[in-house]
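Undergrad: Give me a model of this one.
(4 chains)
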Number of protein chains: 2
Amino acid sequence: MLKHLLLNKESIHCSTCMLGHLCVPGGLTPSETHRLTELIKERIRIPKGTLFFKVGDPLTAIYSIRSGSMKTQLENESGHVQITGFFLAGELLGLDGFSEGAHLSNAIALEDTEVCVLKLSDLDALTHEIPALQHQFWKILSKEISRSHNLVLSLGAMRSEQRVASFLLNLSTRFTNLGYSPNEFILRMSREEIGNYLGLTLETVSRLLSRFAKEGLIRIHQRQVQLLSKSGLNDLIKHEQNSKKK
Amino acid sequence: MLKHLLLNKESIHCSTCMLGHLCVPGGLTPSETHRLTELIKERIRIPKGTLFFKVGDPLTAIYSIRSGSMKTQLENESGHVQITGFFLAGELLGLDGFSEGAHLSNAIALEDTEVCVLKLSDLDALTHEIPALQHQFWKILSKEISRSHNLVLSLGAMRSEQRVASFLLNLSTRFTNLGYSPNEFILRMSREEIGNYLGLTLETVSRLLSRFAKEGLIRIHQRQVQLLSKSGLNDLIKHEQNSKKK
DNA sequence: CGGGTCTTTGATTCGTGTCAATGCTAGTGG
DNA sequence: CCACTAGCATTGACACGAATCAAAGACCCG
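TA: Residues are numbered from 1 along each chain as shown, chains lettered A, B, ... in the order given. Just a heads-up that it's a prediction; the model follows:
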């Protein structure tokens, strides 16, 4: 069973959370943030590897990652799994599925992770009182659409080396926003998970990472990555002759 | 310039629109639908091939397709275009981009098309008064996320023949919902557009359609499609050995 | 009826997937 | 503390699916 943590007044809340600017409260006034804070009565600890929710589970809340990271994946009729996203601290989980009232993907922790619980019923009530919160949610949902569209672009229009390069650059941006080093980070996912996400095999990912390292673009040791030339990686993506077609 | 049609009382509104159950009003009460109807003061006629909005255009409204069909596409740094969706009557356009306040994709009409204009400012006001409308929008946005995730699944986890088969089945479902024949329809997009959408070349799409026809699964003459064996198409998707990996 | 666009089909190439063997690392228990 | 093991990662050889290049055919619109 997952560890549910009930919060009390002393616990750290949205108002003081370091992730405030990235998470739901972004764009709210301090007093609005305070109202939101009061909604979050619970956090959940999810050990590495745990299936947190799965396709078909009733959707009663959405979850903001406080620390750690997760992946979401879905499965097609032939049983093949496709990872649809990796989520870092400050990012929201469980946004598909509103339409059905049930989760449409599986969520699994890549490492020990802690999420804040936003009950839909509570949230609903509060959005009526705080217009800005409603805007914020539209934005969050819309951002998820855009995120997914970009993955589609990557899968449909880019070759393997471009996909891996933009994957690394994307992670770099997100780690930077979190206040971590832009050029050095640890991959929380395996080569197989990266490959699955990018529509490649784990061998292709491994080969490309090795190649990038040989070319001096990155340094890589297991899951420890160092970006040596972001502009070089960007050139890979930009350059016409690398594009899939035409 | 695009033809803007101002609506008056006599014009056909949401309340009487045949698409009501698919479009925004779905799930609203008649009186709520009526309120929504009053928001829609304008429709726009978009001739075939017209770029309706493009990346960077300020997002002031969202658009519901009343008749016709459109595509949305985005472009990567190297100039390659990726179609992210085909939209039929009753479907909503322009849902990404809330986060930025500007459109994040281009929208182009596949045929002469007419859209209903939902001004964001008006919509915003009304969602405060009608809680169900807010839910409805969450659902619509979330459905778009799910739609995109399914495209990711198709691009990342399926082989070419499965992509084309599920593309056809998906269209069939949507046409059925619109009240058209489930087994016979006209493709509004070219082979190249299908290929682009599915991450394939136009030649591959053409070959697969020919193959499906030779196998008796479909009949196809130019853009006129007839599905002869949906179960056969489904088997292609389901069957393990056709799956991309493992 | 002609010209342009879209589609089909074939021959060939090339990028990735597949299969297989080896190496590395972290975690476990003796 | 070290041997053992179980995953994960790397690298190579090869095969195959889909892209590319090319040419001909079908259709639509003026």
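Undergrad: show me where chain A has strands.
TA: Taking DSSP state E, the strands of chain A run over residues A:3-6, A:42-46, A:51-53, A:61-67, A:70-75, A:81-87, A:92-93, A:106-109, A:113-119, A:184-186, A:218-221, A:224-227.
Undergrad: quick one: which of the ones you listed is nearest chain B?
TA: strand A:81-87 (4.3 Å; Cβ to the nearest Cβ). (C-beta placed from N, C-alpha, C; glycine too.)
Undergrad: What strands line up against that closest one, and which way round?
TA: Strand A:81-87 sits in its sheet next to strand A:70-75 (antiparallel), going by DSSP bridges.
Undergrad: Please point out which parts of the strand it pairs with sit buried.
TA: Going by neighbour count (16 or more other Cβ atoms under 10 Å in any protein chain shown), the buried part of strand A:70-75 is A:70-74.
Undergrad: and the angle for it with strand A:42-46?
TA: Angle of strand A:70-75 versus strand A:42-46, following axes from the mean of the first three to the mean of the last three Cα atoms, to 10 degrees, is 70 degrees.
Undergrad: Please work out the angle formed by the directions of strand A:70-75 and strand A:61-67.
TA: With the same axes, to 10 degrees applied, the angle from strand A:70-75 to strand A:61-67 works out at 140 degrees.
Undergrad: who's in contact with strand A:70-75?
TA: Residues from elsewhere that reach strand A:70-75, judged by Cβ atoms under 8 Å, 6 or more residues apart in numbering or on different chains: A:46, A:52, A:55, A:81-87, A:93, A:104-110, A:113, A:189, A:193, A:196-197, B:149-150, B:153.
Undergrad: Can you say which of these are buried?
TA: With burial judged by 16+ other Cβ under 10 Å, the buried subset of the contacts of strand A:70-75 is A:46, A:52, A:81-87, A:93, A:104-110, A:113, A:189, A:193, A:196-197, B:149-150, B:153.
Undergrad: re the thing from before, closest to DNA strand D out of the strands of chain A?
TA: Between DNA strand D and the strands of chain A, the tightest spacing by Cβ to the nearest atom of the strand is seen for strand A:218-221, at 5.6 Å.
Undergrad: Parallel or antiparallel, which strands does that closest one pair with?
TA: Assessed with DSSP bridges, strand A:218-221 is paired to strand A:224-227 (antiparallel).
Undergrad: And the contacts of the partner strand?
TA: With Cβ under 8 Å, 6+ apart as the test, strand A:224-227 has contacts from A:168-169, A:172, A:182-187, A:217-220, A:233.
Undergrad: Kindly state the beta-bridge partners for the residue sitting nearest the centre point of chain A.
TA: Nearest to the geometric centre of chain A sits A:Phe87, at 1.9 Å (Cα atoms, centre = their mean). Counting by DSSP bridges, A:Phe87 is bridged to A:Met70.
Undergrad: any idea how far it lies from B:Gly195?
TA: 31 Å (Cβ to Cβ, to the nearest Å).
Undergrad: Quick check: chain neighbours aside, which residue is closest to A:Gln134?
TA: Of all residues not flanking A:Gln134 in the chain, A:Thr127 sits nearest, at 4.5 Å (Cβ to Cβ, 6 or more residues apart in numbering or on different chains).
Undergrad: Give me the neighbour count for the one you found.
TA: The burial metric for A:Thr127, expressed as a neighbour count using other Cβ atoms under 10 Å in any protein chain shown, is 21.
Undergrad: now swap in A:Pro58 and tell me
TA: 11.
Undergrad: A:Asp57 too?
TA: For A:Asp57, the neighbour count with other Cβ under 10 Å is 17.
Undergrad: ok, now which ones touch it?
TA: A:102-103.
Undergrad: Report the buried residues of the longest helix belonging to chain A.
TA: Taking DSSP state H as the criterion, chain A has its longest helix at helix A:131-157. By 16+ other Cβ under 10 Å, the buried positions in helix A:131-157 come out as A:133-157.
Undergrad: A:Ile140 and A:Pro25 touch, don't they?
TA: No - between A:Ile140 and A:Pro25 there is no contact, the gap being 11.2 Å when judged by Cβ atoms under 8 Å.
Undergrad: State the distance from A:Arg147 to A:Gly97.
TA: Counting by Cβ to Cβ - A:Arg147 and A:Gly97 are separated by 16 Å.
Undergrad: And for A:Glu38?
TA: Going from A:Glu38 to A:Gly97 by Cβ to Cβ gives 25 Å.
Undergrad: more neighbours, those two?
TA: Neighbour tally, A:Glu38 and A:Gly97, criterion other Cβ under 10 Å: the higher count belongs to A:Gly97, 23 against 13.
Undergrad: Test for you: state the pLDDT assigned to that one.
TA: At A:Gly97, the pLDDT value in this model is 89.
Undergrad: tell me the contacts of it?
TA: A:59, A:103-105, B:142, B:146.
Undergrad: now A:Leu209: how far from chain B?
TA: The gap separating A:Leu209 from chain B is 19 Å, by Cβ to the nearest Cβ, to the nearest Å.
Undergrad: Can you get me a residue count around A:His128?
TA: Around A:His128 there are 14 residues (other Cβ under 10 Å).
Undergrad: can you check A:Glu114 too?
TA: Using other Cβ under 10 Å as the criterion, A:Glu114 is surrounded by 18 other residues.
Undergrad: what bridges to it?
TA: A:Arg45, A:Ser67.
Undergrad: ok, A:Pro47 - contacts?
TA: So A:Pro47 contacts A:2, A:109, A:112 (Cβ under 8 Å, 6+ apart).
Undergrad: quick one, what contacts the residue nearest to A:Glu42 when sequence neighbours are not counted?
TA: Setting aside the residues directly before and after it, A:Glu42 is nearest to A:Val117 in space (Cβ to Cβ, 6+ apart), at 4.4 Å. The contact partners of A:Val117, by Cβ under 8 Å, 6+ apart, come to A:40-44, A:61, A:63.
Undergrad: For A:Val117, give its distance to A:Gly20.
TA: Counting by Cβ to Cβ, the gap from A:Val117 to A:Gly20 is 17 Å.
Undergrad: Kindly indicate which of the contacts of A:Gly97 lies nearest B:Leu228.
TA: B:Ser146 (29.2 Å; Cβ to Cβ).
Undergrad: where in chain A is pLDDT low?
TA: Residues of chain A meeting the criterion pLDDT under 70: A:1, A:3, A:5-12, A:240-246.
Undergrad: Could you rerun that using 80?
TA: A:1-16, A:18-22, A:24-25, A:27, A:239-246 (pLDDT under 80).
Undergrad: For it, what lies in contact range of DNA strand D?
TA: A:187, A:190-192, A:202-203, A:205-207, A:209-210, A:220, A:222-223, A:244-246 (Cβ under 7 Å from any atom of the strand).
Undergrad: which of the residues you listed count as buried?
TA: By 16+ other Cβ under 10 Å, the residues of chain A next to DNA strand D give A:187, A:191, A:205-207, A:209, A:220, A:244 as buried.
Undergrad: Looking at those residues, which are in helices?
TA: A:191, A:205-207, A:209.
Undergrad: farthest-separated two in those?
TA: A:Arg191 and A:Arg207 (9.9 Å).
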